[in-house]
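**Student:** I need the structure of the sequence given here:
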Amino acid sequence: MSKIRVAVLVGSLRKDSFNRHLARAVERLAPSDFSFEHLRIDNLPLYDQDFDGQYPAECQRLKDEVSSADALLFVTPEYNRSIPGVLKNAIDIASRPWGTNSFAGKPGAVIGISVGATGTALAQQHLRNVLAYLDVPTLGQPEVFIQNKEGLFDADGKIGNEGTQKFLQGFVDRYVEWVRRFAK
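**Tutor:** Model prediction:
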């Protein structure tokens, strides 16, 4: 069986991003036939319908990377009770122009971590609304709203809390099952 390629879009650009750490921790829990590719979104111009006819190279690169993926994983922080602008911009770019939505039909999941007690619940709700419109079948359960606390990640970036590790393994198992349902 060939590898299942997962495009990972992390909505935080911060060098020591909690969400990037969470994405890497989740990847470690996945089976060996899943490969994860973090897509670069920090160098994209702001979406502008004027370039729909001839996409800038970085925008076309993103569209091609999303198109070639088998599945999607969105890992988002919560900024002002919603998704970060950089993530929304990347989604707009990869889904446009009309009729060339690179996300359509690809199974996905949404997770996130923040310092707040509710994790990234509102950002994920907003993101799920966008993904529903873009025809991304999104795993509904379990929802992953992680609050970052001291000791959550160990020195190697692995989850240091046994309960959280077990919870995330349950998420990964369900995500893998979800993605396999869509495998061609």
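**Student:** give me the contact list for stretch 78-85.
**Tutor:** 11-12, 76-77, 112, 114, 116, 119-124, 126-127, 130 (Cβ atoms under 8 Å, 6 or more residues apart in numbering). Any C-beta I mention is one placed from the backbone N, CA and C, and that applies to glycine too.
**Student:** I meant stretch 24-38, not that one.
**Tutor:** 1-8, 10, 20, 23, 65, 69, 73, 75, 111, 153, 157-159, 168-169, 171-172, 175-176, 179.
**Student:** again, but for stretch 162-177
**Tutor:** By Cβ under 8 Å, 6+ apart, the list of residues contacting stretch 162-177 reads 25-26, 29-31, 34, 73, 109, 111, 139, 141-142, 144, 146, 152, 158-159.
**Student:** any regions of the protein where pLDDT drops low?
**Tutor:** Counting by pLDDT under 70, the chain has low-confidence residues at 1, 184.
**Student:** who's the most centrally placed residue in it bridged to?
**Tutor:** In the chain, the centroid-proximal residue (Cα atoms, centre = their mean) is residue 74; its distance is 1.3 Å. Judged by DSSP bridges, the bridge partners of residue 74 are residue 9, residue 110.
**Student:** how much space separates it from residue 139?
**Tutor:** Distance check for residue 74 against residue 139: by Cβ to Cβ, to the nearest Å, it reads 11 Å.
**Student:** who touches both of those two?
**Tutor:** 108, 109, 110.
**Student:** how far away is the first one from residue 138?
**Tutor:** If I follow you right, that is residue 108. 5 Å.
**Student:** likewise for residue 63?
**Tutor:** In terms of Cβ to Cβ, residue 63 sits 20 Å off from residue 138.
**Student:** show me the helices in this protein, by range?
**Tutor:** Here the chain has its helices, by DSSP state H, at 18-29, 57-68, 85-95, 121-133, 162-182.
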